[in-house]
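J.: this one's sequence-less:
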């Protein structure tokens, strides 16, 4: 009874609006299908600059798919079709003239499992820099130190920058991946369940890092962990079956959800 | 009634199966050990200066030679012993079966010598005298003169003649220039024998073959084998890696790709002689013949590239080992997690940058595994080579000081073919048998060494990537 009422409401789901100058990203009626199977349906929302926005929802609700769409990672897969618009700082990222590699530099992505490259810690952070242009070594060293410091890893690795990155612990690896992404100075950082493969202490470090980073850039976090979303995010979007169900400040979504479905999910009555 | 937990009697198979598995490992190890020790003993033993016996028969006849083996005579008439007696020019044969019961006396006199000669093979008997510059030396001075003369390089040896006597008293003259080596094994201490053994092994490794491959060394064959395998690896690696990249990274994973993949895998099972025929038809006659008619028409009808040669042999073997490299590389590429590729792409790398900077370096150990397998297969392959360029005796080495230094059109020698030739095509096959074992041992060692090099490289690259396991 309730469920049918909710789905009727879904199309007019409460959406938080931001003024155009506050928006880092705005998504307009974006749909996406894998080999004909719809994964995202007519999503419309905008993400504010220098804030942490969390996407929550059950497995398969499309939150990771949306994240990958913002980075255009789906380009690697030919069976994906999409429609609608995603605008980054007012520019349509799916416009035919878009420079995809430039887009990916401006929209960094951190994945669920830490994926440092099989090279030294230094080379991992330098990877994105080396792709762009030749920098004098001094300047590159400075950027690398800054990126590792921003990722709260510098003190742990400054004495072994030229050792293999694969010798770091899982938590350190994930912070290294964040540093690697920060080194190319993106405006938006996408985090796809960045702490789900980590132990509680490493998770806390990552969460602290996320809170500290929002002064520098816009963060979008996908997580299964409700407490995590509540702890670190400013805004929370609840997605289900490829649709946006509810979007608001984290405080409002968690303490006073407008929809029964959101409340059910947050309190664990629906998975 | 509750079922009891006490152990049911174990079935026979349950107890036996680990032993079955262990037994098959033990059997394989045993066979490998047997193979290697046979090659070691027979191959390296050949170079040891063996004791020469002088045997007096009941009939009064005297025979001198090296005892080889004994076999029982039919109808329980005792044993028969095989002697290598040499002296084929005097006796007509260099082997003699002697019934053990007929032996009246068996001695090992210290003055028996064994000479290595260019025509007629070894001489076993006594040195009577040396004549040189009108002088005539006998006894110990003659022996000293002979060893001193043999220590000189072949073109500086004095002219002269040896007067030799066989064990049964026949004498013969022999020009000094025909002799290439002399030992008196019965008079040698063990360390002198060891020294001679080392010298002979070195000669075997460093000299060219003599007497229709039944004597002398195998250096040109070692060189030809290694050079051909290296050329083959240089050709096959880029081709195989590029093909694997296409199949795994670029091609759409559809039915056609799967079909191509199955085809590649099955190519590995095509008999090698078929590749030889292909190489002969396409490379030698097709491409080689065309090259000749375009660039070397002044030397026709004698072919330059239109006949078997190093290049065509390497190409044929590269074709033969291509599937191995493709399959190994493709498996390596498939093992690289997508997270690595996505990580690179998400940082703004193009597909080519991702491939060159992340994927290929990670796949290097897998590529080397492919090359190891390819080398192991190619170094032991003989059948296709017989069609596309291997020679019984190559007049020139494929690398020399003459421009362009590496002569790809030349025929070359190969240890595998040398082995086959020595074992079956000599004039005295039995005398050459120990050389066959020695060559086989060498071939095994060379394949082992080439493999170890590749394994070492793979280990190095793995360590560099930091995933020691």
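T.: Yep, that arrived. These numbers were taken from a predicted model, which means no experiment stands behind them. Numbering: from 1, shown residues only, chains lettered A, B, ... in the order given.

J.: give me the most central residue, chain A.
T.: Chain A has residue A:190 as the residue nearest its centroid, 2.2 Å off, counting by Cα atoms, centre = their mean.

J.: and that one, what does it touch?
T.: Residue A:190 is in contact with A:67, A:70-71, A:107-110, A:220, A:222, counting by Cβ atoms under 8 Å, 6 or more residues apart in numbering or on different chains. C-beta: built from backbone N, CA, C; applies to glycine.

J.: mind putting those in CSV, neighbour count and distance to chain B included?
T.: Below are the contacts of residue A:190 laid out as CSV (neighbours: other Cβ atoms under 10 Å in any protein chain shown; distance: Cβ to the nearest Cβ, whole Å):
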residue, neighbour count, distance to chain B
A:67, 22, 11
A:70, 20, 11
A:71, 23, 6
A:107, 28, 8
A:108, 27, 7
A:109, 24, 4
A:110, 26, 8
A:220, 26, 14
A:222, 26, 14
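
J.: in helices only, show me the residues you listed.
T.: A:67, A:70 (DSSP state H).

J.: hang on, the earlier thing: angles on the backbone of the residue nearest to the centre of chain A, please.
T.: phi -100, psi 130 (degrees, to the nearest 10).

J.: show me what it is bridged to.
T.: Beta-bridge partners recorded for residue A:190 (DSSP bridges): residue A:109, residue A:220.

J.: and the closest residue to chain B within chain A, how many neighbours?
T.: Nearest to chain B, among the residues of chain A, is residue A:164, at 2.6 Å (Cβ to the nearest Cβ). Residues lying near residue A:164 (other Cβ atoms under 10 Å in any protein chain shown) number 21.

J.: and it, how far from residue A:118?
T.: 7 Å (Cβ to Cβ, to the nearest Å).

J.: and stretch A:20-36, how far from the chain's centre?
T.: Put simply, stretch A:20-36 sits 14 Å off its chain's centre (Cα atoms, centre = their mean, to the nearest Å).

J.: is any residue of it near chain B?
T.: No. Judged by Cβ under 8 Å from any Cβ of the partner chain, stretch A:20-36 stays clear of chain B, getting no closer than 13.1 Å.

J.: how about that stretch: buried residues?
T.: By 16 or more other Cβ atoms under 10 Å in any protein chain shown, the buried positions in stretch A:20-36 come out as A:23-27, A:30-33.

J.: leaving out chain neighbours, which residue sits closest to residue 223?
T.: Went with chain A since none was named. residue A:229 (5.3 Å; Cβ to Cβ, 6 or more residues apart in numbering or on different chains).

J.: let me rephrase: I mean chain B.
T.: Computed as Cβ to Cβ, 6+ apart, the closest residue to residue B:223 that is not its neighbour in sequence is residue B:397, at 6.3 Å.

J.: could you do residue B:237 as well?
T.: residue B:371 (5.8 Å).

J.: would you agree the one you found is in contact with residue B:232?
T.: No. Counting by Cβ atoms under 8 Å, residue B:232 is not a contact partner of residue B:371; they are 9.7 Å apart.

J.: and the residue of the stretch 51-200 of chain B nearest chain A?
T.: For the stretch 51-200 of chain B, Cβ to the nearest Cβ, closest residue to chain A: residue B:198, 45.8 Å.

J.: give me the helices and strands touching the helix or strand encompassing that residue, please.
T.: Here residue B:198 sits within helix B:190-206, counting by DSSP states H and E. In terms of contacts (3 or more Cβ pairs under 8 Å, 6 or more residues apart in numbering or on different chains; DSSP states H and E), helix B:190-206 is packed against helix B:219-245, helix B:429-465.

J.: and the stretch 101-250 of chain A, which of its residues are near chain B?
T.: Residues of the stretch 101-250 of chain A found near chain B (Cβ under 8 Å from any Cβ) are A:101-102, A:104-105, A:108-109, A:111, A:113, A:115-119, A:127-128, A:131-132, A:163-167, A:177, A:180-181, A:184.

J.: give me that answer again for 6 Å
T.: A:101, A:104-105, A:109, A:111, A:113, A:115, A:117-118, A:128, A:131, A:164, A:166 (Cβ under 6 Å from any Cβ of the partner chain).

J.: remind me what the helix or strand harbouring residue A:253 packs against, helices and strands.
T.: Residue A:253 is part of helix A:250-255 when elements are defined by DSSP H and E. Helices and strands touching helix A:250-255, by 3 or more Cβ pairs under 6 Å, 6 or more residues apart in numbering or on different chains; DSSP states H and E: there are none.

J.: tell me which residues of it come out buried.
T.: For helix A:250-255, by 16+ other Cβ under 10 Å, it's A:250, A:252-254.

J.: what average pLDDT does the helix or strand that comes right after it get?
T.: Where DSSP H and E defines the elements, the next helix or strand beyond helix A:250-255 is helix A:260-266. On average, the pLDDT along helix A:260-266 is 86.

J.: which elements pack onto helix A:260-266?
T.: Using 3+ Cβ pairs under 6 Å, 6+ apart, helix A:260-266 sits against strand A:243-249.
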